[in-house]
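Visitor: Can you look at this prediction? I've put the sequence above it.
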There are 2 protein chains.
Amino acid sequence: MLTVFEALELVAQSALPLAARSVPLGEALGTRLAEAIVSDIDSPPFDKSMLDGYAIDVQDSSPNRQIVEEVIAGGVPHHSVKPGTTIRVMTGAPMPEGANAVVKHEDTSLMSDTTVKLPDTLPHEGYGIFLRGSSFHAGEEVLPAGKRLRSIDLALLAEVGCGKVEVVPHPRVAVLATGNELVECGESLAPGQIRNSNSPMLVAALREVGATPVELGIARDDPGELKSAIETGLEADVLLITGGVSAGVMDLVPGILTELGVTKVFHKVRMKPGKPLWYGVRELAGHRTLVFGLPGNPVSTLVSFVLFVKPSLTALGGAAFEQSPALRGTLTTSAIHRGGRPTYHPCQLGQAMDASLSVRPLPWRGSADLAALTRANGLIVLPAGDYELTVGTAVEVMRL
Amino acid sequence: MLTVFEALELVAQSALPLAARSVPLGEALGTRLAEAIVSDIDSPPFDKSMLDGYAIDVQDSSPNRQIVEEVIAGGVPHHSVKPGTTIRVMTGAPMPEGANAVVKHEDTSLMSDTTVKLPDTLPHEGYGIFLRGSSFHAGEEVLPAGKRLRSIDLALLAEVGCGKVEVVPHPRVAVLATGNELVECGESLAPGQIRNSNSPMLVAALREVGATPVELGIARDDPGELKSAIETGLEADVLLITGGVSAGVMDLVPGILTELGVTKVFHKVRMKPGKPLWYGVRELAGHRTLVFGLPGNPVSTLVSFVLFVKPSLTALGGAAFEQSPALRGTLTTSAIHRGGRPTYHPCQLGQAMDASLSVRPLPWRGSADLAALTRANGLIVLPAGDYELTVGTAVEVMRL
């Protein structure tokens, strides 16, 4: 059986960046730039007043100045500042010719509607002016290719006029629950039935990481129904099938996947929970789909999602294939491990002001115990073997 | 002028949780539960096989058993297990009466279509069975009121049949850019104009924190246009007005806000950037709107958003009014501070494997230097005063 590391290596080989495409700025949040952004403007595009006040020539020593014009932000000066005159400017207004500083409104007093008295000490040359191009110049690279776009980056893209931008898009991920025992969560349970909890969980987990979920609902263990649902799912970039890895169903699913051109890469990984994980890839007409068969119970599904699907989505989105950064924390209660598979055990992570992590393992009744996982905000990675870890031991943890 | 702390106290007094309402599970991600969730079912709802194999009575010593039935997940057994017989069960299937363990399929061999040979050593009683109610029982509280709903919590809600759930909803936040100098980012610039970068930034920043943005576009500095846009914005839970805090415009905006029933709480905060921040509240017909007048330049707007708007949104969403946790990190290059206002200076935070933070201040030309902020992932909080901090000094930082 593959180790987690070996299985991750195999997934990484097929989880390659999606083809870049142009998206409107409003859809670019969280994607990565497919090209460097070069500004076509100076920023600011003109010498700009940073204050409400009076544009003056500091060489001019006249104590009173005639106000020849008022320029608001968005306006344009029609006059220049000549000896004995000034132009009133608002924050954001372009500076008039002949001026080399701005006197704050608060430091002046109006003598008449058209005359202002300046303070005895004038500001130094350049005061109150944000010079054209002082943030960056036309032709300058302002954002590098590969950068993940946050809100502040969108502001810069907007400033330089990128209404559309070439990015590696968010992966589209289809979610298909399989199993005759499943009913939707609004329905009541007949004997032998349980509610479909995997689909709402995965759809939400995909939203949390910025992927675009495509909900395919529940497919019964029926060849026609499964084939039709899987065929639709394979149009996405990633297809997550839950509950299809027990023998009864997998009698049907692998056959259908093969029929539809999906090549199995591996089945089963040495880990707990999540051992039955199935992984395959389809290449068809230039479109690649990664297919994950996730275990039916939601704890195993979530752990498999965190370990394998999340880094794949990051890689499809144009970044390195990387797990969430492995962190180290200190156990605040002891932990016991038994068994030949490494265990991903739910825990509570606490963070001190110096950012160091404390780790409290939570009581957990195994892979069917979903309620325990709702109280966790992390997973301790406990290596295979039979041992006890004492309080204060450093352990590897992942955030949930 | 108020300190940041004093201003935060005032905002906290008016940023109260929104009224709870019922939302479909698919819209609940990231909200907080307004009520404790009590399960109406045992979990699992029946004794369930955790394996593909044969349901047996471990007291029965017959080496070969007659297969009387096969039960798949979603099915129901019609027979019970009697001496000399077994029932084939799939993972997830309900256990038949009379059985108290499951023998793994791999440990058996078929003698005929209807007879299976069991291994010499049978599993212990209870093996392979997940007992009804062993995760939780009907009537048990499975999620506490106030819990922020993550994907795993949605799985539990789905399991217990909550297709709708009573939550404190995501705040609706209107975004209005003001100023004659602004054009949308798809347009080319006439003299004196700049592109509206604040709106796309704020809309994205709102999405990042899970709030629901309402885009109101650009309003010119015209009383009618401003009043109409602000009136629409006041229907939201929060109204963010950008660029309306310079004197020219605020001549219009405060008047209009007063006319529309908004009470000013404060104007200006001792901080850099972001000093011109304006804050007020409207209560009308049982609906409260928080109104933030954010500075026109995007750096000041983002810092004001992080410091004041973000914790308000968290509080409106039913959590404590709290800034992003203040972290401490260690300077990797020296930092100089000048001036009487605390400065929020862009920096690069690096995280070691033990989670400790390194802090590298970035070159920054002040509040108009948006490009520098796109290279930052944090802000150093530098207290007021004239001083130099050497390499290795511990400093307070916030993540961006």
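Guide: Everything's here; your move. Keep in mind that what you see is a predicted model, and the values were worked out from it rather than measured. Numbering: from 1, shown residues only, chains lettered A, B, ... in the order given.
Visitor: quick one: buried residues of stretch A:16-24?
Guide: Buried residues in stretch A:16-24, counted by 16 or more other C-beta atoms under 10 Å in any protein chain shown: A:P17, A:L18, A:A20, A:V23. For the C-beta atoms, the positions are set from N, CA and C on the backbone; glycine is no exception.
Visitor: Return the subset of those lying in strands.
Guide: Secondary structure assignment by DSSP state E places A:V23 of the buried residues of stretch A:16-24 in strands.
Visitor: Past the helix or strand of chain A at the bottom of the mean pLDDT ranking, which element shows up next along the chain?
Guide: Averaged element by element with mean pLDDT, DSSP states H and E, chain A has its least confident helix or strand at helix A:247-250 (a mean of 53). Toward the C-terminus, helix A:247-250 is succeeded by helix A:253-259 as the next helix or strand (DSSP states H and E).
Visitor: Keeping just the C-alphas, turn the helix or strand just after that following helix into PDB.
Guide: Once helix A:253-259 ends, the next helix or strand along the chain (criterion: DSSP H and E) is strand A:262-267. This file holds the C-alpha atoms of strand A:262-267, laid out as PDB (Å, rounded to 0.1, in the frame of the first residue of the first chain):
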ATOM      1  CA  VAL A 262     -10.300   7.400 -16.700                       C
ATOM      2  CA  THR A 263      -6.900   5.800 -15.900                       C
ATOM      3  CA  LYS A 264      -6.500   4.600 -12.300                       C
ATOM      4  CA  VAL A 265      -3.300   5.900 -10.600                       C
ATOM      5  CA  PHE A 266      -3.700   4.300  -7.200                       C
ATOM      6  CA  HIS A 267      -6.200   2.800  -4.800                       C
END
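Visitor: helices and strands around strand A:262-267, which ones?
Guide: Strand A:262-267 makes packing contacts with helix A:4-14, helix A:253-259, strand A:278-284, strand A:287-294 when contacts are defined by 3 or more C-beta pairs under 8 Å, 6 or more residues apart in numbering or on different chains; DSSP states H and E.
Visitor: Tell me how far A:I56 lies from B:F130.
Guide: Taking C-beta to C-beta, to the nearest Å as the measure, A:I56 and B:F130 are separated by 82 Å.
Visitor: make that A:V175, sorry
Guide: Look at A:V175 and B:F130: by C-beta to C-beta, they are 24 Å apart.
Visitor: thinking again about what came up before, in terms of neighbours, single out the busier of A:I56 and B:F130.
Guide: For the pair A:I56 and B:F130, the greater number of neighbours falls to A:I56 (26 against 23), based on other C-beta atoms under 10 Å in any protein chain shown.
Visitor: doesn't A:V103 make contact with the more buried one?
Guide: Yes. When contacts are counted by C-beta atoms under 8 Å, A:I56 is listed as touching A:V103 (5.8 Å).
Visitor: which neighbours do the two share?
Guide: Applying C-beta atoms under 8 Å, 6 or more residues apart in numbering or on different chains, one finds that A:I56 and A:V103 are jointly contacted by A:T86, A:L118, A:L122.
Visitor: For chain A, which segments count as helices?
Guide: With DSSP state H as the criterion, chain A has helices at A:4-14, A:151-159, A:198-208, A:223-233, A:247-250, A:253-259, A:298-304, A:310-316, A:370-374.
Visitor: out of these, deepest packed?
Guide: helix A:298-304 (a mean of 28; mean count of other C-beta atoms under 10 Å in any protein chain shown).
Visitor: Outside of that one itself, list whatever touches it.
Guide: Counting contacts by C-beta under 8 Å, 6+ apart, the residues touching helix A:298-304 from outside are A:197-198, A:201-202, A:205, A:242, A:271, A:273-277, A:292, A:294-295, A:344, A:366-370, A:373, A:379, A:400, B:151-152, B:155, B:159.
Visitor: swap in stretch A:361-375?
Guide: The set of residues external to stretch A:361-375 that reach it, using C-beta under 8 Å, 6+ apart, is A:197, A:272-274, A:295, A:297-300, A:302, A:331, A:333, A:335, A:345-348, A:376, A:380, A:400, B:43-44, B:50, B:130, B:134-136, B:142-143, B:147, B:150, B:152-153, B:155-156, B:159.
Visitor: for the record, mean pLDDT for that stretch?
Guide: Along stretch A:361-375, the predicted confidence averages to a pLDDT of 89.
Visitor: Extract the CA atoms of that stretch and return them as CSV.
Guide: Presented in CSV, the C-alpha positions along stretch A:361-375 are these (Å, rounded to 0.1, in the frame of the first residue of the first chain):
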residue,chain,number,x,y,z
PRO,A,361,-5.7,15.9,21.2
LEU,A,362,-9.5,15.5,21.4
PRO,A,363,-11.4,12.3,22.4
TRP,A,364,-12.2,10.6,19.1
ARG,A,365,-14.0,7.4,18.4
GLY,A,366,-12.5,6.9,14.9
SER,A,367,-13.4,7.7,11.4
ALA,A,368,-17.2,7.6,11.9
ASP,A,369,-17.1,10.2,14.7
LEU,A,370,-18.0,13.4,12.9
ALA,A,371,-19.1,15.2,16.0
ALA,A,372,-15.6,15.1,17.4
LEU,A,373,-14.2,16.7,14.3
THR,A,374,-16.6,19.6,14.6
ARG,A,375,-14.8,20.5,17.9
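Visitor: in the stretch 301-400 of chain A, what spans have low per-residue confidence?
Guide: Scanning the stretch 301-400 of chain A with the threshold set as pLDDT under 70 gives A:324-325, A:353-355.
Visitor: in it, which spans are strands?
Guide: In the stretch 301-400 of chain A, the strands defined using DSSP state E, counting those that start in this stretch lie at A:327-331, A:335-337, A:343-351, A:357-361, A:378-382, A:387-389, A:394-399.
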